[in-house]
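>>> sequence below, structure please.
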Amino acid sequence: MRKPRNIRPATKDYEENPKYHIPPRKCWYIDFRRTLQTGIWQAWSIDYDEFQGNIAHYPCAIIERPDGSMITTHASNVYFKNPDKE
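Purely as a prediction, here's the structure:
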């Protein structure tokens with residue numbers, strides 16, 4: 001039987017290589033009421049919905065709202081502000 005390799009946790013990669021870390025950014029997003037809101041983008045992720053007994057995966061964004069709560073929205077609903085004009 002082979003001996004398992006010593007695998008480092010992924011968090012070490014971010015500490016040693018900060019170029020892989022993407023900082024939070026200000027953004028606009030469209031909420032479920034179809035209104036434009038502001039927030040702070042935190043990360044990309046994957047979400048799913050169930051349709052007629054099947055599962056559909058889609059990319060989503062994790063966004064922090066101004067009141068501090070976190071939401072997820074479809075990735076196509078996120079627009080980043082231009083940092084040069086802020």
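>>> for the protein, what spans make up the strands?
25-30, 36-51, 54-64, 70-74, 78-80 (DSSP state E).
>>> right, and residue 29 touches residue 42 too?
No. Counting by CB atoms under 8 Å, residue 29 sits too far from residue 42 to count as a contact (11.7 Å). To be clear about C-beta, it is placed using only N, CA and C from the backbone, and glycine gets the same treatment.
>>> let's have the strands of the chain in TSV, adding mean pLDDT and mean neighbour count.
What follows is the strands of the chain, written out as TSV (pLDDT from 0 to 100; neighbours: other CB atoms under 10 Å):
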stretch	mean pLDDT	mean neighbour count
strand 25-30	89	16
strand 36-51	89	13
strand 54-64	91	14
strand 70-74	91	14
strand 78-80	91	13
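>>> show residues contacting stretch 52-69.
Defining contact as CB atoms under 8 Å, 6 or more residues apart in numbering, one finds that stretch 52-69 is touched by 24, 27, 29, 37-50, 70-75, 77-78.
>>> any idea how far residue 76 is from residue 53?
25 Å (CB to CB, to the nearest Å).
>>> more neighbours: which of these two?
Taking neighbours as other CB atoms under 10 Å, residue 76 and residue 53 compare with residue 76 leading, 11 against 5.
>>> was I right about residue 39 contacting residue 27?
Yes. Between residue 39 and residue 27 there is a contact under CB under 8 Å: 6.0 Å.
>>> excluding chain neighbours, what is closest to residue 36?
Leaving aside its chain neighbours, residue 36 sits nearest to residue 28 (5.5 Å; criterion: CB to CB, 6 or more residues apart in numbering).
>>> mind listing the residues bridging to that neighbour?
residue 38, residue 79 (DSSP bridges).
>>> same thing with residue 73?
Going by DSSP bridges, residue 73 forms beta bridges with residue 61.
>>> who's in contact with it?
Applying CB under 8 Å, 6+ apart, the residues near residue 73 are 29-31, 60-61, 63.
>>> how about 7 Å then?
Applying CB atoms under 7 Å, 6 or more residues apart in numbering, we find residue 73 in contact with 29, 60-61, 63.
>>> same question, residue 47
Contacts of residue 47 (CB under 7 Å, 6+ apart): 58, 60, 72.
>>> excluding sequence neighbours, find me the nearest residue to the last one.
Using CB to CB, 6+ apart and skipping the chain neighbours, the partner closest in space to residue 72 is residue 60 (4.6 Å).
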